[in-house]
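In: here is my input, please return the structure:
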Amino acid sequence: MFPQRLDSPLAYSVAKAMADGFNRHYRLFRAESARAKHRFETADWRGQQRAQRERIEFYDLRVAEAVARLEKEFKAGEQPMEVWQQVKLHFIGLLVDHHQPELAESFFNSVTTKILHRSYFQSDFIFVRPAISTEYLETRDAPTYRPYYPPHESLDDTIARMLDDYGLLGRWADKPRDARRVAQAILARFRKVRLRANFQIQVISSLFYRNKGAYVVGRIINGFTELPFALPILHDASGRFYVDAALFGEDDLQMLFSFARAYFMVDMEVPSAYVQFLRSLMPRKPRAEIYNALGLAKQGKTLFYRDFLSHLNYSSDKFRIAPGIKGMVMLVFDLPSFPFVFKVIKDFFPPPKETTREQVKSKYLLVKRHDRVGRMADTLEYSNVGFPLERFESALVDEIRRFAPSQVEIGDRDGNGEMELVLRHVYIERRMIPLNIYLQEAFDQIDHADGETEARRAQQHLVDVVVEYGNAIKDMVAANIFPGDMLWKNFGVTRGGKVVFYDYDEIEYLTDCNFRKVPPPRNEEEEMSGEIYYRVGPKDVFPETFAPFLLGNDRVRAAFMAHHADLLDPAFWQSHKERIGAGQMLDVFPYDEARRFVQDGASPSARNDTHSSFIATGATS
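Out: Modelled structure (predicted):
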């Protein structure tokens, strides 16, 4: 119940301190994001990746600072509930005319839940629902997007002016050429449609920076048609800017903003306006994932959890043990009606696993900070998550109690008789079809095909997904990642057909591994031995030993060996290790090679991450 009056001076001071903590956080976050422009202009690729990693830590650091200040100056943890209720109301008042109110509310929740007992995690004390609307929130000083009206000039000139307006400091290889190519690509999309009086191009005012690329993102409006588009800007071998491709449609943008990619750096005064614009381009993409893609992961977690609670209210199915082969490290469960899986680290791991809970958590953090190149799923990490016990199948409850007893607590949270299951630590990922299950379904389609044509089509589908699996590994290799456990069950197929890795407990930097050939046996006894007869160091990897575990099926073996036999050769891995050690960074871009313009003098390292993907160009991931 809310207080009848605001009569606590201490409450206002606490609220003001929290608002100051958030404002400091976003000021630093935005400044680091804005510096991405200079790093792109100067081709500081190492600095760009380092900034992307370090920015992830900003939020937790600022939350810890705010908690320390509140405890030191106000003894916040000792204040009665009446004061804390007033703190929230004062904080709401401080958000009037604020440009990031939704982020500030999440920051308030983060700080408050570090101080208060879990029994206070309710709407009187934290923002279970948003209190400040972000609808139509804008600022004249930094508009979200800029409109251009090509009918008033040539389309080429409009594109060139649009590129100029981003104010990149440096030389263009051939801006008139790029503008002409983009204009031709746009007109080709409307070649059978008359250009209407309202024909216009709207582009977000800031460029989107990630790794070696800067992206123009916007939409083209013609009559009742709206066409999302993006233009990747890269550096050529001489360090000059050029437009590498023109991407069109929701599917292309879904690939660009995939959950399996590193976060963008974007200078935003009003994040909610950016999210609203992007959501209009990608209506199927949840707002939570868009906030994540912009580097605002805490807000993404907040929105995800609200969506999850809403789904629970409007569903009745039960959480179950997830289909597929059970892992030795993670206990995985899902809710059939909800497109995510929940992963809990087990308390103990059977041989031959030699790891600890902290080591597993460090692997997931490594992936969070790393460039995921479209091949490693992002995870949401939560602590002390409460679920209604009645929504769990009894077999799943037994499984959690058996394998992760330290991570579960069951009780009556509010004294109202409704039992709750609380997980102390859980990861949540997008649900994918495990690749081993996907392959089995492909085998079944081949075996039960109705006629030769259908059988050939099913066989080609199998070949394509095996090729895509190898492409996924090679993309991770390009980013200095060795998956560790390369079994099919540790990869998943997204709704758009991309193969993505999701089991991180054995992941390593490629440069930390020692790739070796299996030494030949020295005598007949070693040759006939069923045991390993050679010395194996802790970081040793023998690629030729992958084959018995991966290629037991003849159809899979034929496809794999035709396209990815080099993955079984230590020389392949060693060459990439040496390349990375020499400071070379390969480009891994989120669009198909066929989408690229033919560039004069483009960097020979500019390559994409889709290779001979079996999914049609621009598939959603």
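
In: give me the low-pLDDT residue ranges for the protein?
Out: 1-4, 117-123, 151-152, 413-415, 526-527, 530, 599-621 (pLDDT under 70).

In: outline the domain layout of it.
Out: Following automatic domain parsing, one gets these domains for the chain: 9-120, 145-301, 315-431, 434-586.

In: what residue lies at the spatial centre of this protein?
Out: Residue closest to the average C-alpha location in the chain (C-alpha atoms, centre = their mean): Phe259, at 3.1 Å.

In: that one should be in a helix, yeah?
Out: No - assigned with DSSP: H, G, I helix; E, B strand; the rest coil, Phe259 falls outside any helix and is coil.

In: show me the contacts for it.
Out: By C-beta atoms under 8 Å, 6 or more residues apart in numbering, the residues touching Phe259 are Glu289, Asn292, Ala293, Ala377, Asp378, Arg430, Ser621. Just so you know, the C-beta spots here come from the backbone N, C-alpha and C atoms, and that holds for glycine as well.

In: can you pull the buried residues of the one helix or strand Asn23 maps to?
Out: Taking DSSP states H and E as the definition, Asn23 sits inside helix 9-34. By neighbour count with 16 or more other C-beta atoms under 10 Å, helix 9-34 contains the buried residues 11-12, 14-15, 17-19, 21-23, 25-26, 29-30, 32-33.

In: how many neighbours does Phe308 have?
Out: Using other C-beta atoms under 10 Å, Phe308 has 18 other residues around it.

In: quick one on the thing from earlier: if you drop the residues flanking it in sequence, what lies closest to the residue nearest to the centre of the chain?
Out: Asp378 (4.8 Å; C-beta to C-beta, 6 or more residues apart in numbering).

In: hmm, who's touching stretch 546-563?
Out: 439, 443, 446, 459, 462-463, 466-467, 469-470, 486-488, 567-568, 612.

In: any of the residues you listed buried? List them.
Out: Taking 16+ other C-beta under 10 Å as the criterion, what is buried in these is 439, 446, 459, 462-463, 466-467, 469-470, 486, 488, 567-568.

In: could you list which of those belong to helices?
Out: Leu439, Ile446, Gln459, Leu462, Val463, Val466, Val467, Tyr469, Gly470 (DSSP state H).

In: report the two of those separated the most.
Out: Ile446 and Gly470 (19.7 Å; C-beta to C-beta).

In: can you give me the helices in the stretch 251-400 of the chain?
Out: 271-281, 287-293, 297-313, 357-369, 394-403 (DSSP state H, counting those that start in this stretch).

In: tell me which of those is the most buried.
Out: Of all those, helix 287-293 has the most neighbours on average by mean count of other C-beta atoms under 10 Å, namely a mean of 23.

In: outside of that one, which residues touch it?
Out: So helix 287-293 is contacted by 257, 259, 261, 263-264, 271, 275, 278-279, 282, 297, 299-304, 307, 378 (C-beta under 8 Å, 6+ apart).

In: quick one: it to chain centroid distance?
Out: The chain centre lies 9 Å from the centre of helix 287-293; the measure is C-alpha atoms, centre = their mean, to the nearest Å.

In: ranges for the helices of the stretch 401-550 of the chain?
Out: Under DSSP H, counting those that start in this stretch, the stretch 401-550 of the chain gives helices at 435-447, 452-478, 524-528, 546-550.

In: of those helices, which is nearest Asp592?
Out: It's helix 452-478; of the helices of the stretch 401-550 of the chain, that one is closest to Asp592 (C-beta to C-beta) at 11.6 Å.

In: what's that closest one packed up against?
Out: Contact partners of helix 452-478 among helices and strands, from 3 or more C-beta pairs under 8 Å, 6 or more residues apart in numbering; DSSP states H and E: helix 435-447, strand 491-493, strand 499-501, helix 554-564, helix 570-581.

In: I'd say Pro323 and Ile437 touch.
Out: Yes - using C-beta atoms under 8 Å, Pro323 makes contact with Ile437 at a distance of 7.1 Å.

In: so between the two, which is more surrounded?
Out: Ile437 (17 against 12).

In: returning to what we had before: got JSON lines for the helices of the stretch 251-400 of the chain, with distance to Phe58 too?
Out: Shown next, in JSON lines, are the helices of the stretch 251-400 of the chain (distance: least, C-beta to C-beta, whole Å):
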{"stretch": "helix 271-281", "distance to Phe58": "14"}
{"stretch": "helix 287-293", "distance to Phe58": "15"}
{"stretch": "helix 297-313", "distance to Phe58": "10"}
{"stretch": "helix 357-369", "distance to Phe58": "12"}
{"stretch": "helix 394-403", "distance to Phe58": "33"}
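
In: out of the ones you listed, nearest to Asp164?
Out: Using C-beta to C-beta, the nearest of the helices of the stretch 251-400 of the chain to Asp164 is helix 271-281, at 21.4 Å.

In: dump that closest one to CSV, restricted to CA.
Out: The C-alpha trace of helix 271-281 is given here as CSV (Å, rounded to 0.1, in the frame of the first residue of the first chain):
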residue,chain,number,x,y,z
PRO,A,271,16.9,4.9,-26.4
SER,A,272,13.2,4.1,-26.4
ALA,A,273,12.7,6.2,-29.6
TYR,A,274,15.4,4.1,-31.3
VAL,A,275,13.8,0.9,-30.1
GLN,A,276,10.4,2.1,-31.4
PHE,A,277,11.8,2.9,-34.8
LEU,A,278,13.7,-0.4,-35.0
ARG,A,279,10.6,-2.3,-33.9
SER,A,280,8.7,-0.8,-36.8
LEU,A,281,11.4,-2.3,-39.1
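
In: which other helices and strands contact that helix?
Out: Packing partners of helix 271-281 (3+ C-beta pairs under 8 Å, 6+ apart): helix 101-115, strand 200-204, strand 213-222, helix 287-293.

In: export these to TSV and tack on distance to Tyr145?
Out: TSV is the format used below for the helices and strands packed on helix 271-281 (distance: least, C-beta to C-beta, whole Å):
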stretch	distance to Tyr145
helix 101-115	19
strand 200-204	5
strand 213-222	7
helix 287-293	15
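
In: those: which one's closest to Leu168?
Out: Of all the helices and strands packed on helix 271-281, strand 213-222 comes closest under C-beta to C-beta, at 7.6 Å.

In: just how off-centre is the closest one within its chain?
Out: The answer for strand 213-222 is 21 Å, by C-alpha atoms, centre = their mean.

In: residues of stretch 481-494 that come out buried?
Out: In stretch 481-494, counting by 16+ other C-beta under 10 Å, buried: 481-486, 488-494.

In: just these now: which is nearest Glu452?
Out: Nearest to Glu452, judged by C-beta to C-beta, of the buried residues of stretch 481-494 is Val493 at 26.1 Å.

In: can you name the residues bridging to that closest one?
Out: Ile433, Val499 (DSSP bridges).

In: what do you get for His235?
Out: Beta-bridge partners of His235, as defined by DSSP bridges: Phe241.

In: thought it was touching Glu41?
Out: No - assessed by C-beta under 8 Å, His235 is found out of contact with Glu41, at 9.3 Å.

In: these two: which has the busier surroundings?
Out: His235 (24 against 16).

In: distance check, the more buried one against Leu256.
Out: 19 Å (C-beta to C-beta, to the nearest Å).

In: and if you look at Phe542?
Out: Taking C-beta to C-beta, one finds Phe542 at 37 Å from Leu256.

In: start to end distance for stretch 491-508?
Out: From its first residue to its last, stretch 491-508 covers 16 Å (C-alpha to C-alpha, to the nearest Å).

In: buried ones in that stretch, by neighbour count?
Out: Within stretch 491-508, the residues that count as buried by 16+ other C-beta under 10 Å are 491-494, 496-508.
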